[in-house]
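Participant: just coords:
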């Protein structure tokens, strides 16, 4: 045991090596990619030139619709979840464990078809037409 309470043994070395490998192969590439997204390729200066597509009107209207829908769904989930938690605490519910497992599973899986259908079909076509009309590079 050292002065600071850190025990230097085999597993401390393995932990340090794991953190180093994690930093080398995951953190460093992601960080350098993030930094290069905001740099000009020629001058190396900070720029937002790569993100001009975010100004498209169709994309902004889709964002507004998503925020409104997400807000309504969040409020509805809070109301339903609070009522369900109150009833399950107050009353003896048959199959409480199975119901709790079903709730947890439903929260861990995203609704892929509902989420991707909205923007990928009509939204992407309208967005690509808008980009082509505005002569904004993708």
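Facilitator: Sure, I can see it. Keep in mind the model is a prediction, meaning the values are calculated, not measured. Numbers count the residues shown, from 1 in each chain.

Participant: residues near residue 83, how many?
Facilitator: By the criterion of other CB atoms under 10 Å, residue 83 has 10 neighbours. Glycine gets a C-beta too; all of them are placed from N, C-alpha and C.

Participant: give me every residue that touches residue 44.
Facilitator: Not one residue lies near residue 44 by CB atoms under 8 Å, 6 or more residues apart in numbering.

Participant: helices or strands up against the strand or helix carrying residue 83?
Facilitator: Here residue 83 sits within helix 57-90, counting by DSSP states H and E. Packed against helix 57-90, as judged by 3 or more CB pairs under 8 Å, 6 or more residues apart in numbering; DSSP states H and E, are the following elements: helix 96-108, helix 124-134.

Participant: What residues of that helix count as buried?
Facilitator: By 16 or more other CB atoms under 10 Å, the buried positions in helix 57-90 come out as 58, 59, 62.

Participant: now it: mean pLDDT?
Facilitator: For helix 57-90, mean pLDDT rounds to 84.

Participant: Out of the helices and strands packed on helix 57-90, point me to the one whose mean pLDDT is lowest.
Facilitator: Taking the mean pLDDT of the helices and strands packed on helix 57-90, helix 124-134 comes last: a mean of 50.

Participant: ok, the buried residues of helix 57-90 vs residue 36, which is closest?
Facilitator: Ranked by distance to residue 36 (CB to CB), these are led by residue 59 at 23.1 Å.

Participant: returning to what we had before: what's the closest of the buried residues of helix 57-90 to residue 73?
Facilitator: The nearest member of the buried residues of helix 57-90 to residue 73, counting by CB to CB, is residue 62 at 16.0 Å.

Participant: gap between the closest one and residue 56?
Facilitator: To residue 56, residue 62 is 9 Å away according to CB to CB, to the nearest Å.

Participant: repeat for residue 93
Facilitator: From residue 93 over to residue 56 (counting by CB to CB), the distance is 49 Å.
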